[in-house]
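**Student:** Fold the stuff below for me.
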Amino acid sequence: MAAERDMLRLDGQVAVVTGASSGIGAGAAEALAEAGAAVLVNYHSDRDGAEKTLKAVREAGSRGFVMKGDVASEADVIALFDAAEKELGPVDIVFSNAGIQKDAAFTDMTLDDWNTVISLNLTGGFLCSREAVRRFRKKGRREEISRSLGKIVFNSSVHEVIPWAGHANYAAAKGGISLLMQTLAQEVAHEGIRVNSVAPGAIATAINEEERRKGEKEMLKLIPYGRIGDPLDVGRAVAWLASDAADYVVGHSLFADGGMRLYPGFIGNG
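**Tutor:** Numbers count the residues shown, from 1 in each chain. Just a heads-up that it's a prediction; the model follows:
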């Protein structure tokens, strides 16, 4: 039966997207909905942004709803999955996306800045993926809609491999996500659970709006492909990783970065 389906489609599946009120999370929610998945749109503080994302989900022809929750809170994460199951059905896909930056020179970085970023970006990823695996096991495999028991995609970054001065907490969290993803993939792949990451480069989101306004030309020097990415560039990569078209992709970081990790500073100096 699986061979008769469009392997890029996600019809009949339910996705939880954290941090989906803007940026990459919103782009992923829209892309997953375009592929046919129903989507829980999670947000932390921006209810209006989440409602805008929900509108895009519904305009794509899919079901969805919004729910507030802090992914660094174990109770909130459990509540998100409970609500998704009640409103939409058993969860098949989780995009662990919610994140934050609190940048500072290393010796100026406060312990609170460090803990806030690690808690949301890394511990939040742990809590969401742990709950996902538990729910997948409870749900069981539904081969009529997917070859996998479940799919987890983490939002990592090019900075899982590229050091980033002035952003030690963020880079440490993304490096941690990389090995969390690989270790979890190694542990649960035999159950039919696929775990991967998408690793964006420079994407046009609110988090870098000021930087783009002040120095887009300098930013473009870091991108061989010559443009800053759009949230849907990443969102559609997430949708592909969640689809049966990527069924043999396990424990992989898919870089969506226009070539940023290729050390473009060496161009002309080889």
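
**Student:** mind listing the strands for the stretch 51-200 of the chain?
**Tutor:** Here the stretch 51-200 of the chain has its strands, by DSSP state E, counting those that start in this stretch, at 64-68, 93-96, 150-155, 193-200.

**Student:** For the first one, could you pull out the residues that count as buried?
**Tutor:** If I follow you right, that is strand 64-68. 64-67 (16 or more other CB atoms under 10 Å). All C-beta spots, glycine's among them, are computed from the backbone N, C-alpha and C.

**Student:** Repeat that for stretch 40-55.
**Tutor:** Buried residues in stretch 40-55, counted by 16+ other CB under 10 Å: 40-44, 46, 49-50, 52-54.

**Student:** Repeat that for stretch 166-177.
**Tutor:** 167-177.

**Student:** contact partners of the helix or strand of the chain with the lowest mean pLDDT?
**Tutor:** Taking mean pLDDT, DSSP states H and E as the measure, helix 209-220 is the helix or strand of the chain with the lowest mean score, a mean of 78. Applying CB atoms under 8 Å, 6 or more residues apart in numbering, the external contacts of helix 209-220 come out as 202, 204, 226-228.

**Student:** any weak-confidence spans in this protein?
**Tutor:** 1-4, 212, 270 (pLDDT under 70).

**Student:** The lengthiest helix in the chain to strand 150-155, inter-axis angle?
**Tutor:** For the chain, the longest helix by residue count, based on DSSP state H, is helix 168-188. Here the directions of helix 168-188 and strand 150-155 differ by 160 degrees (axes from the mean of the first three to the mean of the last three CA atoms, to 10 degrees).

**Student:** And Pro231, how far from Val188?
**Tutor:** Plainly put, Pro231 is 28 Å away from Val188 if you go by CB to CB, to the nearest Å.

**Student:** actually Ile118, not the one I wrote
**Tutor:** Distance from Ile118 to Val188, by CB to CB: 23 Å.

**Student:** Those two: who's more crowded?
**Tutor:** Between Ile118 and Val188, Val188 has the larger neighbour count (other CB atoms under 10 Å), namely 21 against 17.

**Student:** give the contact list for the closest residue to that one other than its chain neighbours.
**Tutor:** Of all residues not flanking Val188 in the chain, Val133 sits nearest, at 5.9 Å (CB to CB, 6 or more residues apart in numbering). The neighbourhood of Val133, defined by CB under 8 Å, 6+ apart, consists of 150, 152, 184, 188, 193.

**Student:** now do Ile152
**Tutor:** Ile152 neighbours (CB under 8 Å, 6+ apart): 93-94, 96, 129, 132-133, 184, 193-196.

**Student:** Recalculate using a threshold of 10 Å.
**Tutor:** 16, 93-96, 125, 128-130, 132-133, 136, 181, 184-185, 188, 193-197, 241-242 (CB atoms under 10 Å, 6 or more residues apart in numbering).

**Student:** what's around Glu191, how many residues?
**Tutor:** Number of residues near Glu191 (other CB under 10 Å) recorded here: 14.

**Student:** Give the closest residue to it in space, chain neighbours not counted.
**Tutor:** Leu149 (5.8 Å).

**Student:** How about the contacts made by the one you found?
**Tutor:** 92, 133, 136-137, 139-143, 188, 191-194.

**Student:** Using JSON lines, lay out the residues you listed together with distance to Lys102.
**Tutor:** As requested, these are exported to JSON lines (distance: CB to CB, whole Å):
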{"residue": "Asp92", "distance to Lys102": "33"}
{"residue": "Val133", "distance to Lys102": "29"}
{"residue": "Phe136", "distance to Lys102": "32"}
{"residue": "Arg137", "distance to Lys102": "35"}
{"residue": "Lys139", "distance to Lys102": "36"}
{"residue": "Gly140", "distance to Lys102": "41"}
{"residue": "Arg141", "distance to Lys102": "41"}
{"residue": "Arg142", "distance to Lys102": "41"}
{"residue": "Glu143", "distance to Lys102": "44"}
{"residue": "Val188", "distance to Lys102": "32"}
{"residue": "Glu191", "distance to Lys102": "36"}
{"residue": "Gly192", "distance to Lys102": "38"}
{"residue": "Ile193", "distance to Lys102": "32"}
{"residue": "Arg194", "distance to Lys102": "32"}
